[in-house]
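**Student:** can you look at this prediction? I've put the sequence above it.
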Amino acid sequence: MRVAIVGAGAIARTHLEHLGALGHEVVAACDPLPERARALAAPIGAEVHADWRPMLETVRMDALFVCSPPATHAAPACAALERGIPVYLEKPLARSLHDGREIVAAWEASGCVCAIGYQWRSLDVVAAAREALAGSAPGLLVSRSFGGTEPARGDLSAAAAGSWFSDPRQSGGILFELGSHDIDVQRALAGEVAAVQATAGAGRLALAGRDPAGRHDAVSATLRFRDGGIGAIHVGWSAEGSPSVYTLDVLASEATLALDLGKAPTLRGRAKGRTIVAADTLDARLHTHERFFAAAGRGDAAAVVCTPRDALGTLAVALACESAIATGGEVEVGTAPGRGLSPG
Ligand SMILES: NC(=O)c1ccc[n+]([C@@H]2O[C@H](COP(=O)([O-])OP(=O)(O)OC[C@H]3O[C@@H](n4cnc5c(N)ncnc54)[C@H](O)[C@@H]3O)[C@@H](O)[C@H]2O)c1
């Protein structure tokens, strides 16, 4: 398929490798920083644009990858969907509920394929955990996400001062960047969240000895699922060089499951008296892309790993956690004010 890319930064470069491996052709890339668009596009002979609008007007494409910062997702994603172009949209869905709802409305009106980049949903170990639960609701889920942010962005470097990630109003900080993956995978296993509590700290981990400038390097959130289960999520933006940890423990009345969601995902545990063991061999992002292109080829909007509606639920929980951190109280999901750059 012919693919165009909006936002030629770190994640776009990762996707470029996968697209090549899957035999798809990147035909154009746009970025307001022309040197970034050129660096991505020139070596593969793709067109370079400074703005997605003329790119969408003039380039013949079968799919659009939106890899720009969260507050800029809605406009290109909605415009592509309105033209009937399948969209692969990076997580989080958006920075505000307003933008998130616009994307879902454009997706539903178009009937088009749109996948959101919550790649953990694609893992065989997550599917095996769901199967082991066999419909029984988890009573407790515990996620640990300890690690760095996207290495190629250099978020701790002096050059990153003023970047979209360094401004929590644009990025949502590590709660959105790292923790929303944990919220999403917990929702994939335990369903909808009714209310949350959360707290956050700064200056003891990656930000030790630095001016936090409104950023956090530690976040703990507690999710109360609608059916009574509890989810705990601990996110640590750890100092450079620290080993990363991405795990999820799931306890239900007849299941005790331990997932490692790192580079070589595994599932171990017991359910209904059976020993459960599973592992993934395919990279989660590659798997997510495969599912996206297969869905786009068949025109099957439901066949992607994470739909915009799935991701809107995750966004609402992340926004509720953000409000809970700010207010110190329990916040019901869906009633959070939707902070961020767009009106909420
Ligand atoms: N799925 C994952 O695991 C994963 C990992 C990393 C990043 N991401 C997500 O991918 C997105 C981009 O992150 P990144 O790490 O590549 O950031 P980045 O800063 O490296 O790249 C973003 C690029 O978008 C460009 N940009 C800004 N505004 C734009 C606009 N209006 N139109 C087009 N381009 C624009 C920037 O100039 C920059 O080059 C974010 O939503 C982030 O959360 C997802």
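**Tutor:** Now that the structure is in, tell me what you want to look at. It should be emphasised that the depicted structure is a prediction, and the values quoted were computed from it without experimental measurement. Numbering: from 1, shown residues only.

**Student:** tally up the residues packed near whichever residue of the stretch 1-150 of the chain sits closest to the ligand, please.
**Tutor:** Nearest to the ligand, among the residues of the stretch 1-150 of the chain, is Gly9, at 1.7 Å (CB to the nearest ligand atom). No exception for glycine: its C-beta is placed from N, CA and C like everyone else's. Using other CB atoms under 10 Å, the number of residues around Gly9 comes to 21.

**Student:** distance of it from Gly241?
**Tutor:** Separation of Gly9 from Gly241 (CB to CB, to the nearest Å): 23 Å.

**Student:** also Gly173?
**Tutor:** Applying CB to CB, the value for Gly173 to Gly241 is 21 Å.

**Student:** neighbour count for these two, which is higher?
**Tutor:** Neighbour count, other CB under 10 Å: between Gly173 and Gly241, Gly173 has more, with 27 against 6.

**Student:** for the stretch 51-200 of the chain, what spans make up the strands?
**Tutor:** Assigned by DSSP state E, counting those that start in this stretch, the strands in the stretch 51-200 of the chain fall at 63-66, 87-89, 114-116, 140-147, 193-201.

**Student:** may I see the buried residues of stretch 93-110?
**Tutor:** Neighbour-count burial for stretch 93-110, counted by 16 or more other CB atoms under 10 Å, picks out 93-97, 99-104, 106-107, 110.

**Student:** over to stretch 168-184?
**Tutor:** 168, 170-184.

**Student:** keep only those of those residues that are also close to the ligand.
**Tutor:** Restricting the buried residues of stretch 168-184 to those near the ligand by CB under 6 Å from any ligand atom leaves Glu177.

**Student:** tell me the contacts of the spatially most central residue of the chain?
**Tutor:** Relative to the mean C-alpha position of the chain, the nearest C-alpha, by CA atoms, centre = their mean, is the one of Lys91, at 3.2 Å. Residues near Lys91 by CB atoms under 8 Å, 6 or more residues apart in numbering: 116-118, 180-181, 184, 306, 311, 314.

**Student:** from those residues, which is closest to Ile85?
**Tutor:** Nearest to Ile85 among those, counting by CB to CB, is Ile116 at 15.8 Å.

**Student:** count the neighbours of the closest one for me.
**Tutor:** 33.

**Student:** same deal with the one 5 residues further on?
**Tutor:** Other residues near Arg121 come to 25 when the count uses other CB under 10 Å.

**Student:** any idea how far Ser171 is from it?
**Tutor:** 22 Å.

**Student:** what's the answer for Leu223, then?
**Tutor:** Per CB to CB, Leu223 is found 21 Å from Ser171.

**Student:** what does this protein put close to the ligand?
**Tutor:** When proximity is defined as CB under 6 Å from any ligand atom, the chain approaches the ligand at 6-12, 30-33, 36, 52, 67-70, 72, 90-91, 117, 119, 150, 153, 177.

**Student:** which of those are buried?
**Tutor:** Using 16+ other CB under 10 Å, the buried ones in the residues of the chain next to the ligand are 6-12, 30-31, 36, 52, 67-70, 72, 90-91, 117, 119, 153, 177.
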